[in-house]
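**Student:** got a predicted structure plus its sequence, pasted below:
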Amino acid sequence: MARFLIVWSVFSVRKWSAQLSWRYRPFTGYGQKAVRRVMRFTPMPLLLLAVRALCRLRLLGRQYRGRSAVATQNYRCLTGVEGRIDAGWIAMRRQLLEIGATWGQHPATLAQMQACTRELDAVVAPLAAQKTPVVLAPLHCVSDILAAMVGAGVTPGKASVVVSSSAESYTVASRKMGGVALSYCSIHQDNTSLASELMALMTNVSAGRENMIIFPDIPADYTVQTPEAQSGKISCRLFGRPAKLHSGVQRFSRIVSAQVVFYHLYYQHG
């Protein structure tokens, strides 16, 4: 009888939660407006401190507890140092910055994004002036969305990012609020559509109308589910460290005779 009551309670709560979420869905727009106002007038360090405190109290990021345990064990095995990785805090911090850079329109976040874009454009603009096609290769650091937005802001002001999964976390309207012209090309769509999009993209890149963005540090066996995955990695040194990159970056750049520009975002002072 006790087991029956437990099961009945769990399913009842789930049913009521679903009904409430559906009933209050029209009010999500008002919630977004309220959050946007808070973000515009609240310093980002204060927002980060609040989110950090909520994560420590386990009021945020609870869904990342399993990932935290795995990341902690990997960290200890690889470094031999005792410590704990809080995957919830890492994810919440990233999401807060992404919201601030898109529909949140946080002034300080947008200013730092523009500073990153100017620094990257100092490298890309001379290549564009020489009519050299450019393939941008950001690393998976801080946020893929922010890295792509930074890449889209450099000369000529438009870019398409090749992704290995759905990247529509933010709609086209949300991305436009960040002031960038950015589109996505998923390699997991049907072959006909993929070939058509890639051909159009490579034509535009070759003509200098837009840049191609590829994340080079994705494991090759994630995109190639065959023994070819081992040959899909390139051993090299990047930013002074040994690295293994996806060979797709090299293949695409050769097709359009492009210069590959590697970059990554980082948190200042950790």
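**Tutor:** Cool, got the structure.

**Student:** for the stretch 51-200 of the chain, give me the ranges with low pLDDT.
**Tutor:** 164-180, 188 (pLDDT under 70).

**Student:** and the spatially most central residue of the chain, how far from Lys244?
**Tutor:** The geometric centre of the chain, computed from its C-alpha atoms, lies nearest to Asp144 (Cα atoms, centre = their mean), at 2.0 Å. From Asp144 across to Lys244, the span is 19 Å (Cβ to Cβ, to the nearest Å). Placement of C-beta: from N, CA and C, glycine included.

**Student:** with Pro107 instead?
**Tutor:** Taking Cβ to Cβ, one finds Pro107 at 39 Å from Lys244.

**Student:** then Trp89?
**Tutor:** 28 Å.

**Student:** these two - which one has more neighbours?
**Tutor:** Set side by side, Trp89 and Lys244 show more neighbours around Trp89, with 19 against 15, by other Cβ atoms under 10 Å.

**Student:** got the contact list for the more buried one?
**Tutor:** Shown in contact with Trp89 (Cβ atoms under 8 Å, 6 or more residues apart in numbering): Val51, Arg52, Cys55, Arg56, Gly61.

**Student:** tell me which element Phe252 is part of?
**Tutor:** Applying DSSP states H and E as the criterion places Phe252 in helix 248-255.

**Student:** just the element for the residue nearest to Gln63 when sequence neighbours are not counted, please.
**Tutor:** Once flanking residues are discounted, Gln63 sits nearest to Gly88: 7.6 Å by Cβ to Cβ, 6 or more residues apart in numbering. Assigned by DSSP H and E, Gly88 falls within helix 87-101.

**Student:** of the contacts of Trp89, grab the buried ones for PyMOL.
**Tutor:** In PyMOL syntax, the buried subset of the contacts of Trp89 is picked out as below (16 or more other Cβ atoms under 10 Å):
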select buried, resi 51+55+61
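
**Student:** closest to Gln112 out of the contacts of Trp89?
**Tutor:** Nearest to Gln112 among these is Val51, at 17.4 Å by Cβ to Cβ.
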